[in-house]
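Q: sequence and predicted structure, then a few things I'm wondering about:
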Amino acid sequence: MNHTPRFRPVVSSTLLVVTLVAGVTACGGSDSHPLAAKPYDAVDEISSNIPAGDKKADSDKPLEVTVGDDGRITDVSAVDAIGRHVAGELDADGKRWHSTSPLAAGAHYTVRVSMEDDDGDPGSRTLSFDTAAVRAKKLLKVTFGPEAGTYGVGQPITAELSTPVKDKASRAIVERALRVRSTPAVTGSWYWVDDKNLHYRPKEYWPAKATIDVTSGLAGIKVTNALYGAPAKALKLTTGDRVEAITDAAAHTMTVKRNGKVVNTIPVTTGKPGFSTRNGVKVVLSKEYSVRMRGETIGISEGSDDSYDLLVYYATRVTWSGEYVHAAPWSTGSQGLANVSHGCTGMSTSLAEWFFNTVRTGDIVQVVGSQGETMTPFDNGFGDWNLSWAKWQQGSALQKNATPDRSDTIQAARLRPEV
């Protein structure tokens, strides 16, 4: 029997087929190579562990496809009715393929298998089957955030789970099913903030004018023995221009950039000694036209020299504990010269109005040169960007030696304006 060379990697064999077909066409003989032939029906050569008849498959068991002694598998595509592909591995001899990602319960699958026989002739077979419905008593629901809309390039994606997921293997199943796709494409990763909350961010800020689609493939997927994934509502976001505000607390100035170009330099005042503004990267959380700020909310005794009770305008919030960028007409004499606030970044009313109208939720507000602490990652807003990319990846259940800092947990919002 005449044996053609074996084409082991599926991608490589595809590229080789293209080359051979092109060459044959140039010579005028489209049927001179066996791989150019129409695949024959390999129903007698390709088999699987799919139950016969109308019996439904057990989603807990991997899908297996095998081929007889006179052939080898070249490609397997297994996909369910909603477009979820099943990952798998092919044995070194090409005789057996098995799934490596879990099948979904209550799903319909179509499996397309390609092979070649010992003469190099291509064969194929299409199989289909259903998996048994979910038998779990509890379903894992996922809620994505923020709400659909347009955000700044610093906005993280959030996923809140309805039930805690603690062990790494179960977390890996969840994480593989939560998909974030950006156009233009980015490199990004999920971080397990705690047992019920994940954040997703790219290695760098999102591109300007990007479209971000967030979906879950958890429906019907077994997470633990008693827990299966539930369907989740998809999320679509867009980003605006790349707007960054960099406050130099030592120089008492804020530099605002749009897509890398400086559009304004603003004299400011930041936190005085004992109330120093936090260093680091923060993300705009909200914008409030007016906010009442009182010293008692941050532990200042009423009637003391530091006591205050003010209605503040054009307030752009950057932490849940009450740090804002806002109008501070009472300190215009110090703006650009000294730090006299209780932690917020103050500026003139007209410039605060301009800043308020320029930024959007998700834009970047960074502080450098302060004597204060560095913004924490998760317990006071979105400080996600203060973790290095290497540290961020450690928070993924899909990374080796993943050891997220368990002190980095979401805490209750602390609404303490720091005028």
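A: Sure, I can see it. Nothing here was measured: the structure is a model prediction, and the numbers come from that model. Numbering: from 1, shown residues only.
Q: all helices for the protein, in order.
A: 10-27, 168-177, 349-358, 389-393 (DSSP state H).
Q: which of those helices has the lowest mean pLDDT?
A: Mean pLDDT across the helices of the chain is lowest at helix 10-27; the value there is a mean of 35.
Q: most centrally placed residue in this protein?
A: Nearest to the centroid of the C-alpha atoms of the chain, with distances taken as C-alpha atoms, centre = their mean, sits Tyr200, at 3.5 Å.
Q: distance of the nearest residue to it once chain neighbours are set aside from Gly145?
A: With sequence-adjacent residues excluded and distances taken as C-beta to C-beta, 6 or more residues apart in numbering, Tyr200 is closest to Ile157, at 4.0 Å. The way it works is simple: take the backbone N, C-alpha and C, and place the C-beta from them, glycine included. The span separating Ile157 from Gly145 equals 7 Å under the rule C-beta to C-beta, to the nearest Å.
Q: of the two, which one has the most company?
A: Ile157 (23 against 16; other C-beta atoms under 10 Å).
Q: surely Tyr109 and Phe129 touch.
A: Yes: distance between Tyr109 and Phe129: 5.7 Å, which falls inside the contact criterion (C-beta atoms under 8 Å).
Q: how about low-confidence regions in the stretch 1-150 of the chain?
A: Of all residues in the stretch 1-150 of the chain, those with pLDDT under 70 make up the ranges 1-36, 136.
Q: hmm, try it at 90
A: For the stretch 1-150 of the chain, the stretches with pLDDT under 90 are 1-38, 53-54, 134-137.
Q: now the strands for it?
A: Assigned by DSSP state E, counting those that start in this stretch, the stretch 1-150 of the chain shows strands spanning 40-41, 46-48, 64-67, 71-80, 88-90, 96-99, 108-117, 122-130, 138-140, 142-145, 149-151.
Q: export those as a markdown table, with columns for distance to Asn357.
A: What follows is the strands of the stretch 1-150 of the chain, written out as a markdown table (distance: least, C-beta to C-beta, whole Å):
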| stretch | distance to Asn357 |
| --- | --- |
| strand 40-41 | 67 |
| strand 46-48 | 62 |
| strand 64-67 | 60 |
| strand 71-80 | 47 |
| strand 88-90 | 53 |
| strand 96-99 | 53 |
| strand 108-117 | 52 |
| strand 122-130 | 56 |
| strand 138-140 | 42 |
| strand 142-145 | 25 |
| strand 149-151 | 15 |
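Q: so how far is stretch 206-220 from its chain's centroid?
A: If you compare the mean C-alpha spot of stretch 206-220 with that of the full chain, they lie 7 Å apart, counting by C-alpha atoms, centre = their mean, to the nearest Å.
Q: likewise stretch 343-359?
A: In terms of C-alpha atoms, centre = their mean, the centre of stretch 343-359 is found 31 Å from the chain centre.
Q: in it, which residues are buried?
A: By neighbour count, and taking 16 or more other C-beta atoms under 10 Å as the criterion, the buried residues in stretch 343-359 are 343-348, 351-352, 354-356, 358-359.
Q: return the member of those nearest to Asp379.
A: Nearest to Asp379, judged by C-beta to C-beta, of the buried residues of stretch 343-359 is Gly343 at 16.2 Å.
Q: any idea how far that closest one lies from Val268?
A: Counting by C-beta to C-beta, the gap from Gly343 to Val268 is 13 Å.
Q: now swap in Ser331 and tell me
A: Applying C-beta to C-beta, one obtains 9 Å for the distance of Ser331 from Val268.
Q: looking at these two, which is more packed in?
A: Neighbours around Ser331 and Val268, counted as other C-beta under 10 Å, are more numerous at Val268. The numbers are 30 against 18.
Q: I'd guessed the more buried one sits against Val340; true?
A: No: between Val268 and Val340 there is no contact, the gap being 10.7 Å when judged by C-beta under 8 Å.
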